[in-house]
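*Asks:* Next come a sequence and a model predicted from it.
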Amino acid sequence: MKFEILHQSKKSRARVGRIHTAHGVIDTPNFVAVGTNGSLKALDSKTVEALGIQLMFCNTYHLMLQPGSKRVAEAGGLHKFMNRSMPIITDSGGFQVFSLAYGSVASELKSQGTKQIDGSVLKINEEGVLFRSYRNGDKVFLTAETSIQAQKDLGADIMISFDELPPYHMDQTALIDSMERTHRWEKRSLDEHLKDPRHQALYAVIHGGVDVELRKKSCAYLGNLPFDGFGIGGSLGKNRPEMINMLTEVMPFVPPERPNHLLGIGDLPSIRDCVPLGVDTFDSSFPTKAARHGTLMTMDSTHFNITRGKHADNLGPMVADCECYTCQNYSAAYIHHLFKAHEPTVMTLASIHNVHIMVKMMARYRQQILDDQI
Ligand SMILES: [Zn+2]
């Protein structure tokens, strides 16, 4: 993998870059679509490519349980299995496992500690995490080494090191212990990867929770190791302003010559606020999830719900001037009707629109950075 910076904005830390992988180029900053099971919901791989999604995020945890990473390897790797010729990034599996153990940061905050943890995580120690498969009850031992092996089986262009996702509510001593163990796991991930690098890249994940000084330490430690890029993970605060404050402090310490990725965050206001801080890529299921609920995006970063009654008699496109397949071929009234009638095709049509808008919006951000407007 090679990363080149084409332009550094004169106005902010924003930059326009290009990540070169074995399966092609990723222009940055960019949005990364989340296809958990090797499929973006309601859109097949060729449609996703045609829409211009240059990088797709697939979840190792789900794929190793179903259909199993070995089966994907036997099929020739994930690109071949899902018929995608463009780049793929996979995560370590740790995020989902620790979400089961601790609850995700979002659910922890939302539920105010009332969320029931399902007991599928059996043991967490220095070696890794033992958990029970929700598919068939098998015990699975996830370690730095088995995570990298699974990601080698999948054949992702970009892999992510095995890390612990500490809960938002954690005392300082436990947070330091968690970060230091994560650093050891990430070093082990790197060692395992470098035994057989193939054409894959490996990102580290910067941790330290909501403690700025720990975040800086994490940047320093991981920055000294030959990772290809950096994910920014874990809790960055309990709301967007806290996250932006944290990233404003931390981004100057993330090695600038390598690409970075903000894990699991890609809603429109967060992208708007994080691009000027120098974040290169964002992954989120927001555009497709929103689309499936009738929430459609516009180029001015707003969204509206097509299921509202006022769209029932609009025979024009859902979004004026939109060049997407859906807006070119169908009226707002028809899409509204399909939602009301629970026709499954509308999931595809609405998702096409939102993904198209997302791709266009990221291209516009890149142009604005090139013009030093951001
Ligand atoms: Zn459209």
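*Replies:* It's in.
*Asks:* Only C-alpha atoms from now on, for both contacts and neighbour counts.
*Replies:* Noted.
*Asks:* Compute the number of surrounding residues for whatever residue of the stretch 51-200 of the chain ends up closest to the ion.
*Replies:* Minimum separation of the stretch 51-200 of the chain from the ion (C-alpha to the ion) falls at Leu51, amounting to 11.4 Å. By other C-alpha atoms under 10 Å, 19 other residues sit near Leu51.
*Asks:* In contact with it, which residues?
*Replies:* Leu51 sits next to 352, 355-356, 359 when contact means C-alpha atoms under 8 Å, 6 or more residues apart in numbering.
*Asks:* For it, give me phi and psi.
*Replies:* Dihedral angles of Leu51 (phi, psi; degrees, to the nearest 10) stand at phi -70, psi -10.
*Asks:* Quick check: it vs Met170, distance?
*Replies:* 41 Å (C-alpha to C-alpha, to the nearest Å).
*Asks:* in the chain, which helix or strand is least confident?
*Replies:* Ranking every helix and strand in the chain by mean pLDDT, DSSP states H and E puts helix 105-111 at the bottom, with a mean of 57.
*Asks:* Helix, strand, or coil at the residue most central in space within the chain?
*Replies:* Central residue of the chain (C-alpha atoms, centre = their mean): Asp283, 2.7 Å from the mean position. The local conformation at Asp283, judged by DSSP: H, G, I helix; E, B strand; the rest coil, is strand.
*Asks:* Thought Asn260 was touching it, still the case?
*Replies:* No - contact status for Asp283 versus Asn260: not in contact, 11.6 Å apart, counting by C-alpha atoms under 8 Å.
*Asks:* Which strands or helices does the lengthiest helix in the chain pack on?
*Replies:* Looking across the chain with DSSP state H, the single longest helix is helix 345-370. Counting contacts by 3 or more C-alpha pairs under 8 Å, 6 or more residues apart in numbering; DSSP states H and E, helix 345-370 packs against strand 2-8, strand 15-21, strand 30-34, helix 45-51, helix 286-292, strand 295-297, helix 325-329, helix 332-340.
*Asks:* Please identify which of these is closest to His62.
*Replies:* Evaluated with C-alpha to C-alpha, these place strand 30-34 nearest to His62, the distance being 12.4 Å.
*Asks:* Contacts made by the closest one with the rest, please.
*Replies:* Strand 30-34 is touched from outside by 40, 53-58, 266, 280-285, 358-359, 362-363, with contacts defined as C-alpha under 8 Å, 6+ apart.
*Asks:* got it, and stretch 268-287?
*Replies:* Residues from elsewhere that reach stretch 268-287, judged by C-alpha under 8 Å, 6+ apart: 12-17, 28-35, 57, 240, 244, 247-248, 251, 259-267, 297, 301, 351, 354-355, 358, 374.
*Asks:* Now find how far off-centre that stretch is within its chain.
*Replies:* Computed by C-alpha atoms, centre = their mean, to the nearest Å, the chain-centroid distance of stretch 268-287 equals 10 Å.
*Asks:* for the residue in the stretch 101-250 of the chain that the ion sits nearest to, what are its contacts?
*Replies:* The ion sits closest to Arg240 of the stretch 101-250 of the chain, with a gap of 27.8 Å, by C-alpha to the ion. Counting by C-alpha under 8 Å, 6+ apart, Arg240 makes contact with Ser270.
*Asks:* How many neighbouring residues does Phe162 have?
*Replies:* Neighbourhood size, Phe162 [other C-alpha under 10 Å]: 31.
*Asks:* And the pLDDT at it?
*Replies:* Confidence at Phe162, expressed as pLDDT, is 97.
*Asks:* do Gly103 as well
*Replies:* pLDDT, read off for Gly103, is 66.
*Asks:* tell me the pLDDT at the closest residue to Val32 other than its chain neighbours?
*Replies:* Leaving aside its sequence neighbours, Val32 sits nearest to Asp283 (C-alpha to C-alpha, 6 or more residues apart in numbering; 4.5 Å). pLDDT, Asp283: 97.
*Asks:* again, but for Thr326
*Replies:* Reading off the model, Thr326 has pLDDT 98.
*Asks:* shouldn't it be in contact with Ala350?
*Replies:* Yes - contact status for Thr326 versus Ala350: in contact at 7.3 Å, counting by C-alpha under 8 Å.
*Asks:* more neighbours, these two?
*Replies:* Remark: of Thr326 and Ala350, Ala350 carries more neighbours, 28 against 23, as counted by other C-alpha under 10 Å.
*Asks:* wouldn't that one be in contact with Arg292 here?
*Replies:* Yes - counting by C-alpha under 8 Å, Ala350 touches Arg292, with 6.7 Å between them.
*Asks:* where does the stretch 1-150 of the chain dip in pLDDT?
*Replies:* 103-118 (pLDDT under 70).
*Asks:* would you list every one of the strands in it?
*Replies:* Remark: strands assigned in the stretch 1-150 of the chain by DSSP state E, counting those that start in this stretch are 2-8, 15-21, 24-28, 30-34, 56-58, 88-90, 121-124, 128-132, 139-143.
*Asks:* Gly229: which of those strands is closest?
*Replies:* Closest of those to Gly229 is strand 2-8, at 9.1 Å (criterion: C-alpha to C-alpha).
*Asks:* Cool, thanks, signing off.
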